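Chemist: Take this sequence and fold it.
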Amino acid sequence: MAFVRPEIIRPPSEHDSYYLPLTSGCSNNSCTFCNFSFTNLGLRDLEDVKQEIDAMSLFMNSRMWVAGQPRIVYAILQGWDGRKVFLQDGDALVYPYSKLLAALQYLNQKFPGLQRIASYATPQDILRRSVDELRALKEQKLGILYMGVESGDDAVLQKIRKNATHDQMVEAARKVKAAGILLSVTVILGLGGAAGSERHVAETARILTEMDPDYAGALTLTLIPGTALYEEMERGRFELITPFDSLRELKGLVEQSTFTHCFFSSMHASNYFAIRGTMPKDKDKVLKQLSILLSRKDPRLLRPEYMRGL
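Modeler: This next block holds a predicted model:
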């Protein structure tokens, strides 16, 4: 089956990157809340990847186009500064290791001034690799990995079919850090539902403390029609938390987590309120901000539903 180039889904911090697909979909396409659950994993031929890198190089050096390359390649290149590359799709680290290493080596050969390569990665992707293998990727400028943690509560992780446990995700985080690669993680407010909210917060704060990532972002659960979790909600088996409960969860995460040095934010469009700060330096300031919001309970201070998104 021919490889189908995926739509661009990327972390906000990769807004100025070139988006180079190695895979499409996600290897762990079972999460009950995720739109990747509609996809199957596709692996791109390495020679096809190299041809795109050649086309990138030709355009950046002499503004020449190569026949047969998709128009999106040149749409991205028009605004690219040559500094960063983001490997698509949902977990490009699942790409066969020898081919992944070869792709990064080829990228660096064609773009010696490249500053950083980034990728999404599942905990399973990371655990399959040794620290030495990860270090070899780091030497080829793989500088940051983005991991969806979602929750630290094993009961929630099992229910959403994450296929990774609390302890496995902590182990994966430690491998990434041992390799010298930056780690950015995301957690999802409301994923435990109304009934499991307190435990979800406590266990998620615990996993954040144990992982001690460089970056952490909180999203708020947004149910997608057609996903298994949406259908659970429709049947009355899952109760969404309220907007102000999502702020209570956010406050609980900030209160109960301990970081060495982490940029923590809720800037994602799914959230009802955006906070940001470097922890632990800004912890008191962020908690004060959230306490004021929760004491006022004024819906006008929250992002309206029509402005929330994935």
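Chemist: my guess is residue 245 meets residue 194, correct?
Modeler: Yes. Using CB atoms under 8 Å as the test, residue 245 is close enough to residue 194 to be in contact (7.3 Å). (Glycine included, C-beta is placed from N, CA and C.)
Chemist: what about the two, which has more around it?
Modeler: When residue 245 and residue 194 are compared for neighbours, residue 245 comes out ahead with 16 against 12, by other CB atoms under 10 Å.
Chemist: before we move on, which element is the more buried one in?
Modeler: Mapping residue 245 onto the secondary structure by DSSP states H and E places it in helix 243-256.
Chemist: do residue 163 as well
Modeler: For residue 163, no secondary-structure element claims it when assigned by DSSP H and E, so it is in no helix or strand.
Chemist: which ones are touching it?
Modeler: With contacts taken as CB atoms under 8 Å, 6 or more residues apart in numbering, residue 163 has the following neighbours: 28, 30, 124.
Chemist: now those: which count as buried?
Modeler: With neighbours counted by 16 or more other CB atoms under 10 Å, the contacts of residue 163 contain buried members at 28, 124.
Chemist: pLDDT for the contacts of residue 163 - can I get that in a markdown table?
Modeler: Shown next, in a markdown table, are the contacts of residue 163 (pLDDT from 0 to 100):
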| residue | pLDDT |
| --- | --- |
| 28 | 70 |
| 30 | 72 |
| 124 | 93 |
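Chemist: Closest one of the contacts of residue 163 to residue 171?
Modeler: Residue 171 lies nearest to residue 124 out of the contacts of residue 163, by CB to CB, at 11.1 Å.
Chemist: where does the residue of the chain positioned farthest from its centre land on pLDDT?
Modeler: Relative to the C-alpha centroid of the chain, counting by CA atoms, centre = their mean, residue 62 is the outermost residue, at 34.1 Å. What the model reports for residue 62 is a pLDDT of 92.
Chemist: which strands and helices sit next to the host helix or strand of residue 201?
Modeler: Using DSSP H and E, residue 201 falls within helix 197-211. Counting contacts by 3 or more CB pairs under 8 Å, 6 or more residues apart in numbering; DSSP states H and E, helix 197-211 packs against strand 142-150, helix 154-159, helix 166-178, strand 182-189, helix 243-256.
Chemist: can you list the residues that contact the following helix or strand past that helix?
Modeler: Along the chain past helix 197-211, the next helix or strand (assigned with DSSP H and E) turns out to be strand 215-220. Around strand 215-220, the neighbours that count as contacts under CB under 8 Å, 6+ apart are 13, 182-190, 208, 246, 250, 253, 257, 259, 262-268, 270-272, 308.
Chemist: got JSON lines for the helices and strands packed on helix 197-211, with distance to residue 42 and mean pLDDT too?
Modeler: Compiled in JSON lines, these are given as follows (distance: least, CB to CB, whole Å; pLDDT from 0 to 100):
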{"stretch": "strand 142-150", "distance to residue 42": "19", "mean pLDDT": "96"}
{"stretch": "helix 154-159", "distance to residue 42": "26", "mean pLDDT": "94"}
{"stretch": "helix 166-178", "distance to residue 42": "23", "mean pLDDT": "98"}
{"stretch": "strand 182-189", "distance to residue 42": "23", "mean pLDDT": "96"}
{"stretch": "helix 243-256", "distance to residue 42": "34", "mean pLDDT": "96"}
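Chemist: Reformat those as a markdown table; add distance to residue 231.
Modeler: Formatted as a markdown table, the entries for those read as follows, by distance: least, CB to CB, whole Å:
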| stretch | distance to residue 231 |
| --- | --- |
| strand 142-150 | 18 |
| helix 154-159 | 13 |
| helix 166-178 | 26 |
| strand 182-189 | 18 |
| helix 243-256 | 22 |
